[in-house]
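Trainee: All I have is the shape, not the residue letters:
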């Protein structure tokens with residue numbers, strides 16, 4: 001079992017340690033303990049560690065402390081904003097200028113902010129390329145480039161965007177890749193752009209997520225969902241497969257007295273999605289119904305339960321879904337509704353994932 005070190009033991013400066021304590025952290029997670037010294041030494045890294053293991057701080061701490069000019073790429077606007085918030089909190093006692101750029105909002109405001117100067121830029125690939133093509137950003141100036149949730153970026157079809165961005169950064173830039181999984185596409189990308197990299201793979205020793213499968217008829221799923229929600233403590237995410245089903249479930253739950261529910265899907269405006277996630281984060285909502293795409297990268301503390309109202313399309317998506325709970329060493333529960341007409345194939349998927357988690 002990994003005995004967590006205090007941040008002071010990782011030779012982190014006192015002002016960063018104090019900022020981490022303000023955030024409620026005084027001990028490093030395993031991924032932070034193993035990667036921070038390597039990042040500070042300047043190595044390129046490919047890191048596999050499950051969602052919620054503290055990866056943002058793993059690269060954020062050394063970047064902020066060393067005051068390196070850094071580019072952080074994230075797959076979604078929500079995750080980009082969350083990374084930015086974390087970096088701002090880590091750099092509370094430093095002078096790092098941090099900006100976040102993503103699509104769906106005014107590019108002119110972002111250009112004005114970038115023209116004032118930035119040390120750490122968090123970006124989604126599409127908006128970054130747009131700014132680069134306009135001549136607003138010089139990618140060769142970044143000393144560190146981070147690909148966060150890299151497998152999700154590839155899932156969303158950003159592989160060519162990533163190649164374009166990396167091809168236009170400095171060959172001297174330190175490259176850090178963080179991912180919950182390492183598939184063949186990612187390994188090929190690593191080989192292409194990281195000639196002398198180190199691999200760090202974190203295998204969880206304890207099962208932090210208790211998984212349960214429930215076979216049930218479609219007509220009885222909503223009643224069972226209500227029973228679980230009324231018994232649950234903390235925050236719950238309910239995954240459904242389509243925008244239509246998410247909206248249907250969300251609106252039904254919002255009408256039920258005693259439940260504080262909301263929903264998000266890709267059809268909602270960016271502002272509306274941010275409002276709902278903010279309410280979920282601060283506890284105004286305790287139940288969030290979501291599609292896979294809308295929930296990618298959501299990093300909210302206190303999620304104790306994940307309910308797969310509809311099964312995930314594959315094992316990797318199942319891993320990302322249930323990774324919303326059981327984070328930072330805390331335990332969580334993941335419940336999957338399996339309609340009785342479904343074949344035995346999904347059961348093989350979940351049993352394999354249960355063995356890994």
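Mentor: In hand now; what should we look at? Because the structure is predicted, anything quoted here is derived from the model rather than measured.

Trainee: so how many other residues sit close to residue 219?
Mentor: Neighbours of residue 219 under the rule other CB atoms under 10 Å: 8. Every C-beta, even on glycine, is put in place using the N, C-alpha and C of the backbone.

Trainee: Would you list the phi and psi of residue 276?
Mentor: phi -70, psi -50 (degrees, to the nearest 10).

Trainee: Wait, it touches residue 265, no?
Mentor: No. In this structure residue 276 lies outside contact range of residue 265 using CB atoms under 8 Å: 10.2 Å.

Trainee: Could you count how many residues lie near the nearest residue to residue 267 once chain neighbours are set aside?
Mentor: Nearest residue to residue 267, sequence neighbours excluded (CB to CB, 6 or more residues apart in numbering): residue 243, at 5.0 Å. As a burial measure, residue 243 scores 17 neighbours (other CB under 10 Å).

Trainee: My guess is residue 243 contacts residue 266. True?
Mentor: Yes. Under the criterion of CB under 8 Å, residue 243 makes contact with residue 266 at 6.5 Å.

Trainee: tell me, what's touching these two both at once?
Mentor: With contacts taken as CB atoms under 8 Å, 6 or more residues apart in numbering, the residues that reach both residue 243 and residue 266 are residue 291.

Trainee: Point out where the chain drops to low pLDDT.
Mentor: 1-4, 51-52, 203-207, 294-297, 327-329, 341-357 (pLDDT under 70).

Trainee: Okay, domains of it per the record?
Mentor: For the chain, automatic domain parsing gives the domain ranges 7-201, 209-356.

Trainee: roughly how far is the first one from the heart of the chain?
Mentor: This points to domain 7-201. The chain centroid and the centroid of domain 7-201 are separated by 12 Å, computed with CA atoms, centre = their mean, to the nearest Å.

Trainee: where does residue 313 land in three-state SS?
Mentor: coil (DSSP: H, G, I helix; E, B strand; the rest coil).

Trainee: how many neighbours does it have?
Mentor: Other residues within reach of residue 313, judged by other CB under 10 Å, total 12.

Trainee: Return the distance of it relative to residue 237.
Mentor: Applying CB to CB, to the nearest Å, the value for residue 313 to residue 237 is 17 Å.

Trainee: Also residue 139?
Mentor: Going from residue 139 to residue 237 by CB to CB gives 35 Å.

Trainee: between these two, which one's more packed in?
Mentor: Taking other CB under 10 Å, residue 139 and residue 237 do not tie; residue 237 has more neighbours (23 against 20).

Trainee: so the more buried one bridges to which residues?
Mentor: residue 288, residue 306 (DSSP bridges).

Trainee: wait, isn't it in contact with residue 324?
Mentor: Yes. Counting by CB under 8 Å, residue 237 touches residue 324, with 5.2 Å between them.

Trainee: what ranges do the strands span in this structure?
Mentor: 45-48, 70-73, 98-101, 120-123, 144-147, 174-179, 198-201, 209-216, 235-239, 261-264, 287-290, 303-308, 332-339 (DSSP state E).

Trainee: Save those strands as a markdown table, and put in distance to residue 12 too.
Mentor: Converted to a markdown table, these look like this (distance: least, CB to CB, whole Å):
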| stretch | distance to residue 12 |
| --- | --- |
| strand 45-48 | 17 |
| strand 70-73 | 17 |
| strand 98-101 | 19 |
| strand 120-123 | 17 |
| strand 144-147 | 17 |
| strand 174-179 | 17 |
| strand 198-201 | 18 |
| strand 209-216 | 29 |
| strand 235-239 | 30 |
| strand 261-264 | 36 |
| strand 287-290 | 34 |
| strand 303-308 | 28 |
| strand 332-339 | 28 |
